[in-house]
Each structure stands twice: as structure tokens, then as C-alpha cells.
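Engineer: For reference, the sequence and a predicted model appear below.
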Amino acid sequence: MMQQWFKDAKLGVFMHWGLYSVKGIAESWSFYKGEISYEDYMAQAGGFTASRYDPVKWADIFTRFGARYSVLTAKHHDGFALWDTRYSDLNVVKQTPAGRDLIGPYCQAMRDAGIRVGLYFSHLDWSHPDNNAIIRPDTDLPYHPRTFPQGAPDPKRWKNFLRFHRGQLEELMTRYGTVDLMWFDGDWEKNADQWDMKGLREYLHRLNPQVILNSRMQGYGDYETPEQGFPVGDPVGEAWEYNVTMNNSWGYVPTDQDNKPVSRLVRMFTEVISPGGNMKLDICPLADGTFHPEQ
């Protein structure tokens, strides 16, 4: 269900914040591609302090540059949660020096500033043992030891994963007041029937009938979300959102100095809103919760 506030928003902000901010490496994909071992990737938890995390200051910055909504990565493909989920010990409270829930203060600060609250959530979870219990029948993706199964599918384990998946979403949708937007990712490993996307949409709307769902729902979302490349040709729908980074990285990567000049960002913004889209500009918090000065 598309809400008028989203059509009118024009500008949003995206934050990719997680373990990967410690070493400044790619979020989740760095261990998937073998650039770092899974164990070394997860060991970054010891450096994730959030020691200078001030979501009220974040909200002030976002308000001053005109953002009407924001989306924070509650959980990326690595399975690491920025809240105290009861479904997994792989979370910021139990595994990092931060030792506290980071989602609650974010939601409250955005709401107090009049900014609509959005949360990013990866459907898949490359740390959960049951993530690879089944494989989509039409996949042409290569086998990966943290993703696809070897041997017969196990529907019982997959049902267990779906209970875990729904349980974490219920926590996010019920603990922190009204979540205006759920921004999903990581749907490609299974098909819509395996995910039960229709049932998921209905479930989320029972929790909040007004929540907006992005397109990573295999036909059950509300709007399209092109990334990095500007869509060409016909408009991509009644409402859509162009997601773009300030440099070339979604998370904090100190070696990436290819920052887009302000003039280019402004031009991109006008090119997006003129045919009716929103632009969601990505910011990369450091492990302590601050922003790089250039960003």
C-alpha cells in the first residue's frame, strides 16, 4: 500500500552500518567472495563500539539537508543484528563493546525530528544454519558453502528458518513504535512461494497496515528500488526510489575516495525527482557511529 508521504518525500537517506565498518570492507559480500574469512569478518565485532553514536545528531544533519525519511541496516546478509534479538546471539548487545540496542534510539530520534522511520532487513542470513536448507528450483547461481545446500533439501529446517525470519521482523515491527518503511534485500536465493511472500506481506500489514514495503518482495512490494544506475526509458512505476552512494561503497571503506561532487549529487537529485522519483542517498557511519567529514 503506497502512502502519500512517500510520494511527496523526494529525498531519503540510507545508512549501511555494521561490523564491516570496523575494517572498512564490503558489507557481507567480502566474506562471500573470499576477500576475508568468515571468522575474521565476524571478529570485527570486537571493534564495533558505537562509542560516539548520537542519533539525535544524525537526525539534525538529515533534517538540515532536507531528508524526509531514513533507512538503517538493522540486519545485513551477514546475519548480525543491531538490536537485542532473542532469536540469535549474533547481535550488537551480546557480541560487541557497544553492548546496547542501536535501533531503538535511532527510531526515536528520527520520529522526534519528523523524519519517517525505515529499517533495512535482509531476508537471507548467511550465518543461520538453516538458511541453506533448500534451494530455489530455477536458480543458476553457483554453489557457495555458506549459501546453497549439498544434498537433499530439508523442508523442516526451512520452516525453522522462516519462524526465525518472521520472529525477527515481529521484533522490529513491534518494539520501536511505528515503522513507516521496511526495506528488504536478499530475496534472490529463494522464490516467492518458498519465502511465502504473499503471506509475509499480509503478516506485516497485520502488524502495521500503513507500512510501505520495497520491491525486494518478488512481486509483493510497493515500489521499485534501482541502485547506482539511473533507470532509463519508461517510468518504473507510480512511486520509485533511486538508491545511490556518495562514493562507490555502501558501507564505510576508507580507501574509497571517489566522492561525488555536490554539483553532481544535486544534478542527480533533480533528474530523479523530475519524473516523480525519490533519491535515497547513502551515508557510511564509522564503527564509532560518526560520519566521515567529507560525507
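Structural biologist: Noted; the coordinates are in hand.
Engineer: Could you look up the SS state of the residue nearest the centre of the chain?
Structural biologist: The residue lying closest to the centre of the chain (Cα atoms, centre = their mean) is Y120, at 2.8 Å. Assigned by DSSP: H, G, I helix; E, B strand; the rest coil, the conformation of Y120 is strand.
Engineer: backbone phi and psi for W183, please?
Structural biologist: In terms of degrees, to the nearest 10, the main-chain angles of W183 are phi -110, psi 100.
Engineer: Now for G46, how many residues are close by?
Structural biologist: 12 (other Cβ atoms under 10 Å). Just so you know, the C-beta spots here come from the backbone N, C-alpha and C atoms, and that holds for glycine as well.
Engineer: Check the one 4 residues further on too.
Structural biologist: For A50, the neighbour count with other Cβ under 10 Å is 23.
Engineer: In this structure it contacts D101, no?
Structural biologist: No. The pair A50 / D101 is not scored as a contact, 10.3 Å apart, by Cβ atoms under 8 Å.
Engineer: between these two, what contacts are shared?
Structural biologist: When contacts are counted by Cβ atoms under 8 Å, 6 or more residues apart in numbering, A50 and D101 are jointly contacted by V92.
Engineer: Please enumerate the strands of this structure.
Structural biologist: With strands called from DSSP state E, the chain shows them at 11-15, 69-75, 116-122, 181-185, 212-213, 241-245, 278-283.
Engineer: Let me have these in a markdown table, extended by distance to L265.
Structural biologist: As requested, the strands of the chain are exported to a markdown table (distance: least, Cβ to Cβ, whole Å):
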| stretch | distance to L265 |
| --- | --- |
| strand 11-15 | 11 |
| strand 69-75 | 17 |
| strand 116-122 | 20 |
| strand 181-185 | 21 |
| strand 212-213 | 24 |
| strand 241-245 | 8 |
| strand 278-283 | 7 |
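Engineer: Kindly reformat those as CSV containing distance to Y106 and mean pLDDT.
Structural biologist: As requested, the strands of the chain are arranged in CSV below (distance: least, Cβ to Cβ, whole Å; pLDDT from 0 to 100):
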stretch, distance to Y106, mean pLDDT
strand 11-15, 9, 98
strand 69-75, 5, 98
strand 116-122, 8, 98
strand 181-185, 13, 98
strand 212-213, 18, 98
strand 241-245, 19, 95
strand 278-283, 13, 96
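Engineer: Would you mind finding the most buried of those?
Structural biologist: Here the criterion is mean neighbour count by mean count of other Cβ atoms under 10 Å, and of the strands of the chain the winner is strand 69-75, at a mean of 26.
Engineer: what's that strand packed up against?
Structural biologist: helix 4-9, strand 11-15, helix 103-112, strand 116-122, strand 181-185 (3 or more Cβ pairs under 8 Å, 6 or more residues apart in numbering; DSSP states H and E).
Engineer: now the residue nearest to the centre of the chain: how far from V22?
Structural biologist: Distance, Y120 to V22, by Cβ to Cβ, to the nearest Å: 19 Å.
Engineer: go on, V71?
Structural biologist: From V71 across to V22, the span is 21 Å (Cβ to Cβ).
Engineer: Just list the residues touching the closest residue in space to M182 that isn't next to it in sequence, thanks.
Structural biologist: Distances taken as Cβ to Cβ, 6 or more residues apart in numbering place L213 nearest to M182, at 5.5 Å, with adjacent residues excluded. L213 is in contact with L181, M182, F184, R201, L204, Y220, G221, D222, counting by Cβ under 8 Å, 6+ apart.
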